[in-house]
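Participant: when you get a sec, could you give me coordinates for this:
(one chain, ligands or ions: 1)
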Amino acid sequence: MASPDPQKLPIAVVCIGMAGSGKTTFMQRINSHLHTLHHASPSTTAPPYVLNLDPAVRSVPFESNIDIRDSVNYKEVMKQYNLGPNGGILTSLNLFSTKVDQVMGILEKRCLPQPTAQQQQPAEPQLLPSHILLDTPGQIEVFVWSASGSILLSSLASSFPTVLAYIIDTPRTLENTSTFMSNMLYAISILYKTKLPMILVFNKTDVKDESEAVEWMRDFESFQAALRQDEVREGEGGCGGGYMGSLLNSMSLVLEEFYNHLSVVGVSSMTGAGVEEFFVAVEAKREEFEKDYRPELEKRRKDAEQQREQVREKEVSRMMKDMNVSSKAKGTGMYAKPKREEPETVSEAEEMDDEEEEEASGLVEPDDEEEDGSDGRETFDDGLKTRYQQALNTGDGGGGGVGKAADYIMRSQR
Ligand SMILES: Nc1nc2c(ncn2[C@@H]2O[C@H](COP(=O)(O)OP(=O)(O)OP(=O)(O)O)[C@@H](O)[C@H]2O)c(=O)[nH]1
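Facilitator: Have a look, this model is predicted:
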């Protein structure tokens, strides 16, 4: 089947952000925006596909197609494993990630073009969602820094263009320069951890707009001025003074490159202002994903495959070495005693008896062993390696190959 056009693939938007930044409200807003588009033009636009990955949320103000709470009971997990709230969320997410294959199967079935029964003449063009929306747990680190979060994100990104929407509580983050810088550093760490394109969503712009933050990001001088104001306000001992001031100063210089890679939008999830700009940014990130991130993902996948292959080769060599030792010990394989030929004359019989006595007493000439041993071992090793490789490679990728290898070991040890 030809791979689908990347422009037609639904794009996955993963909402992450500090607790209380407004992720769920933002999800609700973009979900309702896409539903409105669908209602306006039902024949050309499908509603989004929505996933809730927050196991601890009591109720979500939007309808999700896949909800982690349907498969994992967070409260029960806490009870059974004797965990606190964060451990409970983490374990629930881990349990859910064991079903990632099923989740991806459903997503691919619902969001990717499916081959029709008669491939040559597709009946009607399938209307697929243009967006997959994901809400994540409030405890950001539980999702971003856990193995299960990585598994879910990398599985998603291997099938769909994926962008992160990092939701920021604008009024809170603009309280002072150090809060702003902390938030930016958190965003940068997530960017480097996930290696996915990111949009900074300055939320709650109905309370305070994002212009000041944008200025701090784009204009180093204005951040310096804000820093000086903080110093004056809080005095030398405050967050803007002393070593903190110079630290923030140099960090703002370092972060310039990071800011250049980010899309920034101001949104009010309450009023809906800025939502259209957000979707424009999402489309720009889709291109970036295809141009920069997909090749990187492919490269990482190839590297991982190569590594697996190397490990397998090592295993084969190790098994071969073990075989050599155990064959030697048992006198099987290349160390098997050659079948005795019947002596034809009395002197031959005497010679053979002498040899037997020598072997039994351990008095074998070292030269004799070396002479034909090295050649024989190489041929034996090569043959054995080929047969092992065949045994490991044959089969269904499941236990078939391993089974054959095991059979082979058993037979050769007899
Ligand atoms: N004024 C204003 N308030 C907002 C906006 N977005 C969210 N809020 C409020 O911020 C609070 C937190 O919003 P949530 O959507 O629950 O935030 P969250 O990040 O999902 O929270 P957790 O799931 O607990 O991490 C709520 O009281 C919202 O009403 C906004 O755009 N403007």
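Participant: mind listing what's buried along stretch 81-92?
Facilitator: Leu83, Gly88, Ile89, Leu90, Thr91, Ser92 (16 or more other CB atoms under 10 Å). C-beta here means a position set from N, CA and C on the backbone, and glycine is covered the same way.
Participant: residue numbers of the stretch 51-200 of the chain in contact with the ligand?
Facilitator: Residues of the stretch 51-200 of the chain lying near the ligand by CB under 6 Å from any ligand atom: Gly138.
Participant: hmm, I was thinking of the stretch 251-400 of the chain
Facilitator: Near the ligand, when you scan the stretch 251-400 of the chain using CB under 6 Å from any ligand atom, you find Ser268, Ser269, Met270.
Participant: by proximity to the ligand, which residue of the stretch 51-200 of the chain wins?
Facilitator: Using CB to the nearest ligand atom, Gly138 is the residue of the stretch 51-200 of the chain that sits closest to the ligand, at 2.4 Å.
Participant: do I have it right that that residue meets Gly22?
Facilitator: No. Contact criterion CB atoms under 8 Å: Gly138 and Gly22 do not qualify, at 10.7 Å.
Participant: quick one, which of these two is more surrounded?
Facilitator: Neighbour count, other CB atoms under 10 Å: between Gly138 and Gly22, Gly22 has more, with 23 against 18.
Participant: report the contact partners of the more buried one.
Facilitator: Listed by CB atoms under 8 Å, 6 or more residues apart in numbering, the contact partners of Gly22 are Ile167, Asp169, Asn203, Lys204, Ser269.
Participant: if you set the cut-off to 10 Å instead, what comes out?
Facilitator: 15, 28-29, 167-170, 201, 203-204, 267-270 (CB atoms under 10 Å, 6 or more residues apart in numbering).
Participant: need the per-residue pLDDT for it.
Facilitator: pLDDT for Gly22: 92.
Participant: over to Leu191?
Facilitator: Confidence score, pLDDT, at Leu191: 89.
Participant: that one: what secondary structure?
Facilitator: Under the three-state scheme (DSSP: H, G, I helix; E, B strand; the rest coil), Leu191 adopts helix.
Participant: that one against Leu255, yeah?
Facilitator: No. Counting by CB atoms under 10 Å, Leu191 sits too far from Leu255 to count as a contact (11.2 Å).
Participant: need the contact list for Ser269.
Facilitator: Contacts of Ser269 (CB under 10 Å, 6+ apart): 21-30, 167, 201, 203-206, 275.
Participant: strands - which of the residues you listed land there?
Facilitator: Ile167, Val201, Asn203 (DSSP state E).
Participant: just send these back as JSON lines, with pLDDT, distance to Ser158 and neighbour count too.
Facilitator: Formatted as JSON lines, those follow (pLDDT from 0 to 100; distance: CB to CB, whole Å; neighbours: other CB atoms under 10 Å):
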{"residue": "Ile167", "pLDDT": "96", "distance to Ser158": "24", "neighbour count": "28"}
{"residue": "Val201", "pLDDT": "96", "distance to Ser158": "25", "neighbour count": "32"}
{"residue": "Asn203", "pLDDT": "96", "distance to Ser158": "29", "neighbour count": "28"}
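Participant: so which residue is dead centre in this protein?
Facilitator: Ser154 (3.1 Å; CA atoms, centre = their mean).
Participant: the helix or strand containing it packs against which elements?
Facilitator: Ser154 belongs to helix 147-159 when assigned by DSSP states H and E. Judged by 3 or more CB pairs under 10 Å, 6 or more residues apart in numbering; DSSP states H and E, helix 147-159 is in contact with strand 11-17, helix 85-97, helix 100-111, strand 131-135, helix 140-144, strand 162-169, helix 177-194, helix 294-330.
Participant: residue contacts, Ala187?
Facilitator: Neighbours of Ala187 in contact, by CB under 10 Å, 6+ apart: Ile16, Gly17, Leu164, Tyr166, Ile168, Met198, Leu200, Leu255, Phe258, Tyr259, Leu262.
Participant: okay if I get those residues as a markdown table plus neighbour count, distance to Lys299 and pLDDT?
Facilitator: A markdown table is the format used below for the contacts of Ala187 (neighbours: other CB atoms under 10 Å; distance: CB to CB, whole Å; pLDDT from 0 to 100):
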| residue | neighbour count | distance to Lys299 | pLDDT |
| --- | --- | --- | --- |
| Ile16 | 25 | 25 | 94 |
| Gly17 | 25 | 29 | 92 |
| Leu164 | 26 | 20 | 95 |
| Tyr166 | 25 | 25 | 96 |
| Ile168 | 27 | 31 | 95 |
| Met198 | 22 | 20 | 93 |
| Leu200 | 24 | 26 | 95 |
| Leu255 | 20 | 26 | 81 |
| Phe258 | 16 | 22 | 80 |
| Tyr259 | 18 | 26 | 83 |
| Leu262 | 19 | 23 | 83 |
